[in-house]
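S.K.: Structure of the sequence below:
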Amino acid sequence: SLPKKPKKTKRLDQSTYQSLPITSLLPNFYSLCTDQGGCRYLQHLIESNPYPTITAIYPSLIENFFPITLDPFGNYLVQRVFPYLNETQLFQVITLITPHIYDIGINPQGTRVIQQLITCLSSTVLIEYFLRTILPYIIAFLKDLNGTHIVQKFAKDYPAYSQYIDIVIIENSASLAMNRHGCCVVQNYFTLYSGDVLERFVKKLI
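M.R.: Numbers count the residues shown, from 1 in each chain. Got it, this is the predicted structure:
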């Protein structure tokens, strides 16, 4: 299970953080991220001066990654940060979420964060590393309202790797067909696929 969330504070007074340098905000970073106004202010700082701001907040973000990712406001900050991370930092993020990928993926906020992460995979090594992370959870994701969007997003953005997902889906097609959300995936195979993939899929169902 995911680490417990720190205790949430009351809504912050904007005068306590606006116009302060980013270094002065770090001691209250989690409170800012999970406050609507505070989160918007941090996003504004990223838009205005992205790389110095992200360099300053990145250690605090990683330290509080899970509660911020699952927060109704904080998840938007995480999504905003991803496009500016380098390959090493993206590797760190994927490694960090790997043990908790399912719990994050089925969460309404978490699924948005992971979909944004998929968009930002900037190299073949990162794509394959992420694929290895989600492969054990493909069927579980496809049976979940939020998780299914992660599999669909990855297959859409990186079609060259969809064959690996197809293998898992075909082997588990009967199980998917008996699930509310998985049934939609099964039906899509009849409308979107042809040739060898569809033939193997139908044979497995039969």
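
S.K.: Can you report how many residues lie near residue 52?
M.R.: Number of residues near residue 52 (other C-beta atoms under 10 Å) recorded here: 12. C-beta coordinates here come from the backbone N, C-alpha and C atoms, glycine included.

S.K.: Kindly report the same for residue 77.
M.R.: Count around residue 77 with other C-beta under 10 Å applied: 25.

S.K.: check contacts around it.
M.R.: Contacts here follow C-beta atoms under 8 Å, 6 or more residues apart in numbering; on that basis residue 77 touches 33, 39, 42-43, 46, 61, 68.

S.K.: Spatially central, which residue of this structure would that be?
M.R.: residue 114 (0.9 Å; C-alpha atoms, centre = their mean).

S.K.: For that residue, give its distance to residue 145.
M.R.: According to C-beta to C-beta, to the nearest Å, residue 114 and residue 145 sit 14 Å apart.

S.K.: Now do the strands in this protein.
M.R.: With strands called from DSSP state E, the chain shows none.

S.K.: Do I have it right that the residue nearest to the centre of the chain meets residue 102?
M.R.: No: using C-beta atoms under 8 Å as the test, residue 114 is too far from residue 102 to be in contact (10.6 Å).

S.K.: Any regions of the chain where pLDDT drops low?
M.R.: Applying pLDDT under 70 to the chain flags the ranges 4-10.

S.K.: ok, now which ones touch the residue nearest to the centre of the chain?
M.R.: Applying C-beta under 8 Å, 6+ apart, the residues near residue 114 are 97, 101, 104-105, 150.

S.K.: Quick one: which of those residues is the most crowded by neighbours?
M.R.: Top of these by neighbour count (other C-beta under 10 Å): residue 150, with 26 neighbours.

S.K.: ok, now which ones touch that one?
M.R.: Counted by C-beta under 8 Å, 6+ apart, residue 150 has contacts 105, 111, 114-115, 118, 134, 141.

S.K.: Could you pull up the residues touching residue 107?
M.R.: So residue 107 contacts 70, 146 (C-beta under 8 Å, 6+ apart).

S.K.: Was I right to think residue 100 contacts residue 69?
M.R.: No: Residue 100 is beyond contact range of residue 69, at 9.4 Å (criterion: C-beta under 8 Å).

S.K.: out of those two, which sits in the more crowded spot?
M.R.: residue 69 (27 against 18).

S.K.: and the more buried one, what does it touch?
M.R.: Counting by C-beta under 8 Å, 6+ apart, residue 69 has contacts 75, 78, 104, 109-110, 113.

S.K.: Go ahead and build a PyMOL selection from the buried members of the residues you listed.
M.R.: Buried subset of the contacts of residue 69, written as a PyMOL selection, criterion 16 or more other C-beta atoms under 10 Å:
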select buried, resi 75+78+104+109+110+113
